[in-house]
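Visitor: here's a sequence, model it:
(2 chains)
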Protein chains: 2
Amino acid sequence: MGLVVQKYGGSSVADAEGIKRVAKRIVDTKKGGHQVVVVVSAMGDTTDELIDLAKEVSPVASGREFDMLLTAGERISMSLLAMAIKSLGHEAQSFTGSQAGVITDSVHNKARIIDVTPGRIKSSVDDGNIAIVAGFQGVSQKRKDITTLGRGGSDTTAVALAAALDAEVCEIYTDVDGVFTADPRVVPKARKIDWISAGEMLELASSGSKVLLHRCVEYARRYQIPIHVRSSFSGLQGTWVSNEPRGNQPMEQALISGVAHDTSEAKITIVGVPDKPGEAAAIFRVVADAEINIDMVVQNVSAAATGLTDISFTLPKTDGPTAIGALEKRKGAIGFESLRYDDQIAKISLVGAGMKTNPGVTATFFEALSNAGVNIELISTSEIRISVVTREADVNEAVRVVHTAFGLDSESDEAVVYGGTGR
Amino acid sequence: MGLVVQKYGGSSVADAEGIKRVAKRIVDTKKGGHQVVVVVSAMGDTTDELIDLAKEVSPVASGREFDMLLTAGERISMSLLAMAIKSLGHEAQSFTGSQAGVITDSVHNKARIIDVTPGRIKSSVDDGNIAIVAGFQGVSQKRKDITTLGRGGSDTTAVALAAALDAEVCEIYTDVDGVFTADPRVVPKARKIDWISAGEMLELASSGSKVLLHRCVEYARRYQIPIHVRSSFSGLQGTWVSNEPRGNQPMEQALISGVAHDTSEAKITIVGVPDKPGEAAAIFRVVADAEINIDMVVQNVSAAATGLTDISFTLPKTDGPTAIGALEKRKGAIGFESLRYDDQIAKISLVGAGMKTNPGVTATFFEALSNAGVNIELISTSEIRISVVTREADVNEAVRVVHTAFGLDSESDEAVVYGGTGR
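Guide: The predicted structure follows:
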């Protein structure tokens, strides 16, 4: 049997009991005949506590020293986990990101992995040890400074190590049972997904599903590493994310994988834009120069009488004030009439590789919303996703009716079947 | 002006306020025209909290992983300190023991420094930065594992860096104003010592003075690094420890530097030992094999009638049970009558380079104790120290009367002067 990389998040190692429970699970995997490399996050609230301390001593907590501070969190959890494993009679060694060969660029607080040289990890597991690696951290190639990887960094560490070590699987342990067809807090009838393609998982992640971040899934897809998302509490099979169906998973591809929603975005509408070439480019250059990532964009059909049009786009709420400020400053040069800002919106996305060949999907989606009295404000699509913007107040109802309309509710074991889906 | 190494202990950086106060002091030194390298300990109780966590997950907290855990403490304090300095408008970079080039042997939890290669620190300060270095930690030469230096490790880090960087001085900041002629909690009239030779400081440290540990003073003496022990709270001049008097310090050597006491030892008396060659050797081989360091040893004059003698020695209380166990096991082979164990003792030591040439010192010492009704149980001497063992209950009174007898009390500015002291 081969090598398994397991990643445990902060909630799984929040206290001594959690660490001991995780240690036992790791030892069981080792006893099963696998080599085991574990990536661990900081315990529970440690990172937040360190951030609070930083704010007490300095108004601007960022850069090289902030990374040095935050990486103390994983140092604590990884050494405690190694001790807990040793007290179960197995050998374990913990390694910092730097020791594990996680090489990054020099962008502190959100560094990107540029190489993994896992020589020490390889030697350690070949010597019979369980290797514990600090998630979320690396060392910069040029300056040899400690860096952190930003949001989702520990998952990315795990996938990167799995790729570098040619692991059988990267298991992401979390506090839920896997990826669901919708957020179970909103849709109690949501079902756990047994297998989902990496492409669909990418769309779900960019549409508001929080179980796996886009970045880690993208890395896994590129290096063809199967991810198994599962609970560190239950021990049940979770969700497999891979390019090909795995093990006992059905070969038949589901039409719709899930319904995601996202209430973290706002909408800006630029009213009265002259309908001539170059206007939209000028607008989005302003937004891009402010380093803001926009999501959906819609331009209304121009009203022939006025020669003016409206352009709407969505962006993270946190970037709203910056974008408004940047656009107001260029109002004269661009020549629009006014700006409207709306942070009471929600995005609902339907994701499924099967929809490519099924023209009925869009109609079913819109009918379900319409029947529930939910108004659609913006629409955008990809080959395997349809997203709409609605009022934030409607979001829970909208997700539920769409989930039901596509037969995803757990009472019915059968998904709605359109012709032509399949292998 | 040259380079200054400053070391701040855990009590000086116990919270955000402390860190900001220390940052200000460091910046003031930098503004004074010095290059500054700072060695810092973990904040307040951090180390104890980490030890408690370790005990929760593992019955035996030691070895490689325990070092990995504990070194998180300095990582937190050093990065916060660097941030606090940066928020005062000065550049600072923090470095782990490994990054600072503190190379040790592979004995985890009490590693010894075998080399310091401070290239990164040198570059950092040459670039105009204040360099902050984690105390107490290093990296093992052979295995590249993180190690800790054990008790007094941060002071030793500071002195070792000062030696490697050819610093002007190693300033040890603490929560007292310097080294005193006696423990001020016992002797309210104790005076701060302005200058003391490294040799005398070594004797004080091994006699129970806790301000500087033996290990750090020994390192400083070998590499001729002047130490300045001072308060991080008051900003006053503290105590200089060096081979030669410094600056405005008097060239005349004081007769007596101070009175130290120690209640951490116990006494074992081996009763009825056959008075023949090899007996003492056999006894101390047993103790040495149990890895116990003994301090004072006294053998009574043999009683001619019986041919038996008694041997007493002192040792750390914590080693008492082990020593008793080891001796009992060899009772038959060695052939003594019985063991007596006494942990109600105290050691009082008088230290001063001036005593070498003054036979009156011993007499004055013993008379003072006798006048106070304090009984002397054991005596040992070096060239610059006399130590006696008394009852533990008598220790405070004994220290006070001896302190007064040698004119060390702060009311009298003059020490007792015997002929022949001086330059």
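Visitor: from A:Pro184, how far out is the residue nearest to A:Thr174 when sequence neighbours are not counted?
Guide: The shortest distance from A:Thr174 to any non-neighbouring residue, by Cβ to Cβ, 6 or more residues apart in numbering or on different chains, is to A:Gly9 (5.4 Å). For every residue, glycine as well, the C-beta is placed using N, CA and C. Computed as Cβ to Cβ, to the nearest Å, the A:Gly9 to A:Pro184 distance reads 18 Å.
Visitor: let's see the pLDDT reported for the residue nearest to A:Thr174.
Guide: The model reports A:Gly9 with a pLDDT of 93.
Visitor: picking that back up, okay, A:Gly9 and A:Pro184: which has more neighbours?
Guide: The neighbour comparison of A:Gly9 against A:Pro184 (other Cβ atoms under 10 Å in any protein chain shown) goes to A:Gly9, with 20 against 15.
Visitor: in contact with the residue nearest to A:Thr174, which residues?
Guide: By Cβ atoms under 8 Å, 6 or more residues apart in numbering or on different chains, the residues touching A:Gly9 are A:Ser41, A:Ser154, A:Ile172, A:Tyr173, A:Thr174, A:Asp175, A:Ser232.
Visitor: tell me if the second one really is in a helix.
Guide: Yes - assigned with DSSP: H, G, I helix; E, B strand; the rest coil, A:Ser154 falls within a helix.
Visitor: what's the closest non-adjacent residue to it?
Guide: The spatial neighbour of A:Ser154 that comes closest, neighbours along the chain excluded (Cβ to Cβ, 6+ apart), is A:Gly135 at 2.8 Å.
Visitor: pLDDT score for the one you found?
Guide: pLDDT, read off for A:Gly135, is 96.
Visitor: contacts for the worst-scoring helix or strand of chain A on mean pLDDT, please.
Guide: Within chain A, no helix or strand scores below strand A:297-299, which has a mean of 82 by mean pLDDT, DSSP states H and E. By Cβ under 8 Å, 6+ apart, the residues outside strand A:297-299 that reach it are A:Ala280, A:Phe284, A:Thr309, A:Asp310, A:Ile311, A:Ser312, A:Phe313, A:Leu378, A:Ile379, A:Ser380.
Visitor: quick check: neighbours of that strand in the sheet, parallel or antiparallel?
Guide: With DSSP bridges as the test, strand A:297-299 is paired with strand A:308-316 (antiparallel).
Visitor: so for the helix or strand that comes right after the strand it pairs with, what's the average pLDDT?
Guide: Following strand A:308-316 in sequence order, the next helix or strand is helix A:320-329 (DSSP states H and E). Helix A:320-329 comes out with an average pLDDT of 94.
Visitor: for A:Ile196, helix, strand, or coil?
Guide: Using three-state DSSP, the structure places A:Ile196 in strand.
Visitor: so for it, what's the pLDDT?
Guide: 93.
Visitor: and if you look at the one 10 residues further on?
Guide: If you check A:Ser206, the pLDDT there is 89.
Visitor: again, but for A:Gln93
Guide: pLDDT, read off for A:Gln93, is 97.
Visitor: check A:Pro245 too.
Guide: pLDDT, read off for A:Pro245, is 67.
Visitor: and the least confident helix or strand of chain A, how far out from the chain middle?
Guide: The chain centre lies 25 Å from the centre of strand A:297-299; the measure is Cα atoms, centre = their mean, to the nearest Å.
Visitor: element containing the residue lying farthest from the centre of chain A, please.
Guide: Relative to the C-alpha centroid of chain A, counting by Cα atoms, centre = their mean, A:Ala305 is the outermost residue, at 45.1 Å. For A:Ala305, there is no enclosing helix or strand under DSSP H and E.
Visitor: and if you look at A:Val4?
Guide: strand A:3-8.
Visitor: and A:Leu69, by the same measure?
Guide: Using DSSP H and E, A:Leu69 maps to helix A:63-70.
Visitor: how far does that helix sit from its chain's centre?
Guide: 24 Å.
Visitor: so is that helix next to chain B?
Guide: Yes - applying Cβ under 8 Å from any Cβ of the partner chain, one finds helix A:63-70 in contact with chain B at A:Arg64, A:Glu65, A:Phe66, A:Met68, A:Leu69.
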